[in-house]
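Colleague: quick one, fold the following:
(chains A and B)
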Amino acid sequence: MSERTETIRNILSKHGKLNGSADTIGEDKSLYSAGLTSHASVNVMLALEDEFDIEFPERMLTRSTFETVANLKSALDNLLGEEMSV
Amino acid sequence: MSPDDLLLAHADLRDRLFAAKLLIPTGVDGLYGRSAIFESVLQGVDAAAYSLGLADEPTVMWFPPMIPRTTFEAVDYLRNFPQLCGPVFTFSGDNKAHSELVHRLDEHEDYSSCLELSEVALTPACCYPVYPSLVGQLGEDEGIYSTMGYCFRHEPSVDPMRLQAFRQREHIRVGTPDQVLDWREVWLDRIPKLLESIGLEFRSDFANDPFFGRAGRLMSMSQREQQLKIEWLVPVFGEDDPTACVSANYHQNHFGELFGITTPDAAEAHSGCVGFGLERCVVAMFAAHGTDVTKWPDSVTKVVWP
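Modeller: Numbering: from 1, shown residues only, chains lettered A, B, ... in the order given. Here you go, the predicted structure:
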């Protein structure tokens, strides 16, 4: 698992209030179906912004950005550049 | 219409309502008295909006224009709409603290730090006190409610369609998702009938609540994408700047989860509400039909004074 994906999962387990474990949910599984509410998605957004010192631009403030782990990862890659492997 | 022209149009309509003595100025934008005629029209519109839901045999509830601060905090009002909020502050200090309060008052200084939060807040939407009253399992014949009352939102404006203190008639459905969505479908037919009967032009559209800040942007987009809010917009100041006079909302399980409301089958309850902005409807009627009710179309007066 990439570092970013791991951070996303950590933040989801802290702020996402998902029904199951955020560590094991499939990257393309709907987080909304797993119990992510609008309020929780706001908290996930704020925590990601804090963690990566970024601000999601308006075009990314949609439901689909927060729909899956993969979408969140791709949004972060878009904002931070592709992840470097170390 | 340019922003300046729009402001002039707002002021013009307000001045006409003042001149006709339909609204009574208090010196604060958005806080007005109402004349007997204004009030009579409002009561007529409310009666019509209430009657539209009578076939559903709603349980009627009346509440004062305040809610417990615990409810105000639980519904996340401060998180979502801090710019509109109206918590009530009061004084609970001793003689010394009172002297300080009076001193600041006499010196025209800010005395807010001499006051403390009370246990109540001004009601932002008149359906809010209904949900916590339903805690627990609904009976088979329960789940449809109607209420009316004063609301407060801190948005001072010269636009007489945007008041700080105003009344809503709200119809509320609590039940399974299908029950709430079916109920909302019925109201999608009823609402245009009412607006037509009082002679207003309108269109409906998906909408979002005025959630605050960047976090609110995500909430707004989410609300629109899920089509949770539909508004009926009346073009009092032209097609480009219509004002919402009625809305139909689906809250999903928000209030059911928050207040522990379950359906007769013990599932978490979903809810929805239909809200009529009564003063907005009435001001829109004066804008459309003129400030002299004796010259209003018969078809409209028959609805208001049946």
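
Colleague: what does the helix or strand where B:Leu17 lies contact?
Modeller: Take DSSP states H and E as the rule and B:Leu17 turns out to sit in helix B:3-19. With contact meaning C-beta atoms under 8 Å, 6 or more residues apart in numbering or on different chains, helix B:3-19 is reached by B:1, B:23-25, B:157-161, B:236-238, B:241, B:283, B:286-287, B:291. The C-beta positions use only the backbone N, C-alpha and C, and glycine is treated the same way.

Colleague: residues contacting B:Glu57?
Modeller: Listed by C-beta under 8 Å, 6+ apart, the contact set of B:Glu57 reads B:Ile144.

Colleague: spell out which helix or strand contains the residue nearest the centre of chain A, please.
Modeller: Nearest to the mean C-alpha position of chain A, by C-alpha atoms, centre = their mean, lies A:Leu72 at 4.1 Å. Secondary structure assignment for A:Leu72, by DSSP H and E: helix A:69-80.

Colleague: what about stretch B:84-92, start to end distance?
Modeller: Stretch B:84-92 has an end-to-end distance of 25 Å (criterion: C-alpha to C-alpha, to the nearest Å).

Colleague: next one: stretch B:17-32
Modeller: 11 Å.

Colleague: please apply the same query to stretch A:11-21.
Modeller: Counting by C-alpha to C-alpha, you get 12 Å between the two ends of stretch A:11-21.

Colleague: so which bits of the lengthiest helix in chain B are buried?
Modeller: In chain B, with assignment by DSSP state H, the single longest helix is helix B:177-197. Neighbour-count burial for helix B:177-197 flags B:Pro177, B:Gln179, B:Val180, B:Trp183, B:Arg184, B:Trp187, B:Arg190, B:Ile191, B:Pro192, B:Leu194, B:Leu195, B:Ser197 (criterion: 16 or more other C-beta atoms under 10 Å in any protein chain shown).

Colleague: ok, those residues vs chain A, which is closest?
Modeller: Top of the list for closeness to chain A, among the buried residues of helix B:177-197 and by C-beta to the nearest C-beta, is B:Pro177 at 14.3 Å.

Colleague: please enumerate the helices of the chain.
Modeller: You didn't pick a chain, so chain A it is. For chain A, the helices defined by DSSP H cover A:3-15, A:38-52, A:69-80.

Colleague: my question was about chain B
Modeller: Using DSSP H, the helices of chain B run over B:3-19, B:36-51, B:69-74, B:77-80, B:95-106, B:177-197, B:213-225, B:254-259, B:278-289, B:298-304.

Colleague: can you say which of those is nearest to B:Trp62?
Modeller: Closest approach to B:Trp62 among the helices of chain B (C-beta to C-beta): helix B:36-51, 12.0 Å.

Colleague: list the buried ones in that closest one?
Modeller: Buried residues in helix B:36-51, counted by 16+ other C-beta under 10 Å: B:Ile37, B:Phe38, B:Val41, B:Leu42, B:Gly44, B:Val45, B:Asp46, B:Ala48, B:Ala49, B:Tyr50.
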